[in-house]
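Chemist: Just the structure for this:
(2 chains)
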Amino acid sequence: GDSVTQMEGPVTLSEEAFLTINCTYTATGYPSLFWYVQYPGEGLQLLLKATKADDKGSNKGFEATYRKETTSFHLEKGSVQVSDSAVYFCALKNGWGGTSYGKLTFGQGTILTVHP
Amino acid sequence: GAGVSQSPSNKVTEKGKDVELRCDPISGHTALYWYRQSLGQGLEFLIYFQGNSAPDKSGLPSDRFSAERTGGSVSTLTIQRTQQEDSAVYLCASSSASGSSYEQYFGPGTRLTVT
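Modeler: Numbers count the residues shown, from 1 in each chain, chains lettered A, B, ... in the order given. Reported below is the predicted structural model:
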């Protein structure tokens, strides 16, 4: 079945540092890929997405590129802020028929803490 | 507009009791999903409804779990004879369709504690 493997956390950075959170996936068909973020005390929010190979999703300074050849969707940000402290989840959604259709499959989540 | 809402926000119940969790999706969204977030298991899919089609129940962990969606809108997740391992945050999400590129919008969740 489909699966997502996400970089283990927690990750602790100083403000303005560069961030990378690795994400790789296994899926049949042609999934769409997502990064969701969960800020302290809040619900899951979509951060960015990419629906086909070589697409780049971007939002709030975060970027991730859908790499089919390496089955990866790594999250990057050039300069993190304290307000980026949250839990980040990589996820995929398959768009073809079968048991995976429709549902999101999540990675384990990475806790990011940014210090001033 | 209004987002996905869930009630109650917190529920504490004794082992062996039944509980019902409610989800109100975004108006007009045809797809509705239930997930569970727990420390040991991360975020797991439970069940999803798409329009009038039969629901995909493949993620329900046992026959103590069931869900229904009335009138294509509100959904209720029922857990019978609760066990301590059912303690988790139960998340509901909805989307305008179930295709791979459609975003799922999540509710705030119901935190269930089984004592």
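Chemist: For burial, what's the neighbour tally of residue B:54?
Modeler: Residue neighbour count, defined by other Cβ atoms under 10 Å in any protein chain shown, stands at 7 for residue B:54. In this view, the C-beta of every residue, glycine as well, is placed from N, C-alpha and C.
Chemist: ok but it is inside a helix, no?
Modeler: No - using DSSP: H, G, I helix; E, B strand; the rest coil, the assignment for residue B:54 is coil, not a helix.
Chemist: count of neighbours near residue B:73?
Modeler: The number of residues packed near residue B:73 is 16, by other Cβ under 10 Å.
Chemist: List the contacts of it.
Modeler: Contact analysis of residue B:73 by Cβ atoms under 8 Å, 6 or more residues apart in numbering or on different chains lists B:24, B:25, B:27.
Chemist: Then residue A:38?
Modeler: Going by Cβ under 8 Å, 6+ apart, the list of residues near residue A:38 reads A:44, A:45, A:86, A:87, A:88, A:89, A:109.
Chemist: Dump the residues you listed to CSV, plus neighbour count, secondary structure and distance to residue A:15.
Modeler: Formatted as CSV, the contacts of residue A:38 follow (neighbours: other Cβ atoms under 10 Å in any protein chain shown; DSSP: H, G, I helix; E, B strand; the rest coil; distance: Cβ to Cβ, whole Å):
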residue, neighbour count, secondary structure, distance to residue A:15
A:44, 25, strand, 25
A:45, 14, strand, 22
A:86, 20, strand, 15
A:87, 18, strand, 19
A:88, 24, strand, 17
A:89, 25, strand, 23
A:109, 21, coil, 22
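Chemist: Please list which of those residues also come close to chain B.
Modeler: By Cβ under 8 Å from any Cβ of the partner chain, the members of these lying near chain B are A:44, A:45, A:89, A:109.
Chemist: contacting residues for the closest residue in space to the first one that isn't next to it in sequence?
Modeler: Using Cβ to Cβ, 6 or more residues apart in numbering or on different chains and skipping the chain neighbours, the partner closest in space to residue A:44 is residue B:106 (4.1 Å). Contacts for residue B:106 were tallied using Cβ under 8 Å, 6+ apart; they are A:36, A:43, A:44, A:45, B:4, B:91, B:92, B:93.
Chemist: Can you get me the start-to-end distance on stretch A:4-13?
Modeler: Length of stretch A:4-13, first residue to last, Cα to Cα, to the nearest Å: 24 Å.
Chemist: buried residues in it?
Modeler: Across stretch A:4-13, burial judged by 16 or more other Cβ atoms under 10 Å in any protein chain shown covers A:4, A:6, A:7, A:11, A:13.
Chemist: Contacts for it, please.
Modeler: With contact meaning Cβ under 8 Å, 6+ apart, stretch A:4-13 is reached by A:19, A:21-26, A:80, A:89-92, A:105-115.
Chemist: again, but for stretch B:75-84
Modeler: B:13-23, B:25, B:32, B:34, B:46-47, B:49, B:64-70, B:86, B:90, B:92, B:112, B:114-115.
Chemist: in it, what's buried?
Modeler: For stretch B:75-84, a neighbour-count test (16+ other Cβ under 10 Å) marks B:75, B:77, B:79, B:82 as buried.
Chemist: Mark which of those are part of strands, please.
Modeler: B:75, B:77, B:79 (DSSP state E).
Chemist: Redo those as JSON lines? Include pLDDT.
Modeler: Below are these laid out as JSON lines (pLDDT from 0 to 100):
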{"residue": "B:75", "pLDDT": "97"}
{"residue": "B:77", "pLDDT": "98"}
{"residue": "B:79", "pLDDT": "98"}
